[in-house]
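S.K.: This is the structure alone, sequence omitted:
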């Protein structure tokens, strides 16, 4: 057999590695999202100091860009978290987030609403949790809803991203009003959780704070806890900013529904207008796209976990 020049072999090896890296980095992001209205353009933005107090891990929080953004880091000593200065009863809550790069199994970045500290036995929660990955997988998006202490009924839905969330900032948004809860990424709805008078107890009903955190979820976050946080890659640093915390600040009676039969809102709730009562046709088509292309788990389809489907799934 004829010999292959060593320098050609080296060039061929480098070409193979570069092609493999390209496939690896893009294999889970082959999609172009539908065009949707940028809802984040509708509301004003706050600096970190205007909107939040330190929740924990103050030594791992650093502000930059005149306080518009902050980094939160997770290391062996602590994670870090921010908590909104105000409680809100309904509203539009959004932040631009850039995730840690590199291997991050067990790491959880969360942007969520909760009143667990006020109602420890009867709390509500609306979660966006972004779960770290092992070397074979990208970050995943998990959404969840708890109401009135229903912690035994997790309402998780999980999605792949159509982009690399470590390379740039992307907007993660929660809309919560008396009609529905909507989870959005870059204004693309990925999930709608509707209110129903047939089962009102499953719907969050009490004022909540907004939180942004990074923490160690080794026990469950990556493949059910198979891959814990590897602190040889620490610190894990997430950047958060462009905060939009536009909601009705309690007392809750001020967040009344729009007066029936009128064209004007009697509410202080900023997402009580007609454009927030239901998804537009454009938004519905975009959500259908996201769920067909990107969703890989829904609690409603998990028959091994729920022998009897939760009522809202029916």
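M.R.: Now that the structure is in, tell me what you want to look at. Bear in mind the structure is a predicted one, so any value in this text is a computation, not a measurement.
S.K.: what stretches of the chain score poorly on pLDDT?
M.R.: For the chain, applying pLDDT under 70 flags the ranges 1-29, 135-137, 251-268.
S.K.: can you tell me which strand in this structure is longest?
M.R.: strand 236-247 (DSSP state E).
S.K.: From the contact counts, what lies against that one?
M.R.: Applying 3 or more C-beta pairs under 8 Å, 6 or more residues apart in numbering; DSSP states H and E, we find strand 236-247 packed against helix 48-51, strand 69-74, strand 91-98, strand 107-114, strand 170-176, strand 209-216. Just so you know, the C-beta spots here come from the backbone N, C-alpha and C atoms, and that holds for glycine as well.
S.K.: Flag every buried residue along the first one.
M.R.: Of all the residues in helix 48-51, those buried under the rule 16 or more other C-beta atoms under 10 Å are 48, 51.
S.K.: how deep is residue 54 tucked in, by neighbour count?
M.R.: Applying other C-beta atoms under 10 Å, we find 15 residues neighbouring residue 54.
S.K.: which residues does it contact?
M.R.: 61, 81, 82, 83 (C-beta atoms under 8 Å, 6 or more residues apart in numbering).
S.K.: ranking those residues by neighbours, who comes first?
M.R.: residue 82 leads the contacts of residue 54 on contacts (other C-beta under 10 Å) with 26 neighbours.
S.K.: In three-state terms, label it for me.
M.R.: strand (DSSP: H, G, I helix; E, B strand; the rest coil).
S.K.: Burial check on the closest residue to it other than its chain neighbours, number of neighbours?
M.R.: Once flanking residues are discounted, residue 82 sits nearest to residue 52: 4.0 Å by C-beta to C-beta, 6 or more residues apart in numbering. Using other C-beta under 10 Å, residue 52 is surrounded by 25 other residues.
S.K.: And the helices and strands packed on strand 236-247: which comes nearest residue 123?
M.R.: Nearest to residue 123, of all these, is strand 107-114, at 6.5 Å by C-beta to C-beta.
S.K.: And the contacts of that closest one?
M.R.: 74, 88, 93, 95, 97, 99-100, 123-132, 172, 174, 176, 204, 208-217, 221, 229, 236, 238, 240.
S.K.: Tell me the gap between the very next helix or strand once past that strand and the middle of its chain.
M.R.: Going down the chain from strand 107-114, the next helix or strand is strand 125-131, by DSSP states H and E. Per C-alpha atoms, centre = their mean, to the nearest Å, the displacement of strand 125-131 from the mean C-alpha position of its chain is 5 Å.
S.K.: For strand 125-131, name the packing helices and strands.
M.R.: strand 107-114, strand 140-146, strand 170-176.
S.K.: Okay, buried residues for it please.
M.R.: Quick answer for strand 125-131 (16+ other C-beta under 10 Å): 125, 126, 127, 128, 129, 130, 131.
S.K.: now stretch 65-72
M.R.: 68, 69, 70, 71, 72.
S.K.: just stretch 138-153 next, same as before
M.R.: Those would be 138, 139, 140, 141, 142, 143, 144, 145, 146, 147, 148, 150, for stretch 138-153 by 16+ other C-beta under 10 Å.
S.K.: Determine which two of the residues you listed are furthest apart.
M.R.: Most distant of those, by C-beta to C-beta, are 138 and 148, 34.1 Å apart.
S.K.: if we can go back for a sec, could I get the buried residues of stretch 138-153 as a markdown table with distance to residue 280?
M.R.: What follows is these, written out as a markdown table (distance: C-beta to C-beta, whole Å):
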| residue | distance to residue 280 |
| --- | --- |
| 138 | 29 |
| 139 | 28 |
| 140 | 27 |
| 141 | 22 |
| 142 | 25 |
| 143 | 20 |
| 144 | 25 |
| 145 | 22 |
| 146 | 28 |
| 147 | 26 |
| 148 | 30 |
| 150 | 30 |
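S.K.: Secondary structure element holding residue 285?
M.R.: helix 281-293.
S.K.: For residue 74, which residues are in contact?
M.R.: Per C-beta under 8 Å, 6+ apart, neighbours of residue 74: 60, 80, 107, 214, 215, 216, 229, 234, 235, 236.
S.K.: try it again with 10 Å
M.R.: 57, 60, 80, 100, 104, 106-109, 132, 213-217, 229, 231, 234-238 (C-beta atoms under 10 Å, 6 or more residues apart in numbering).
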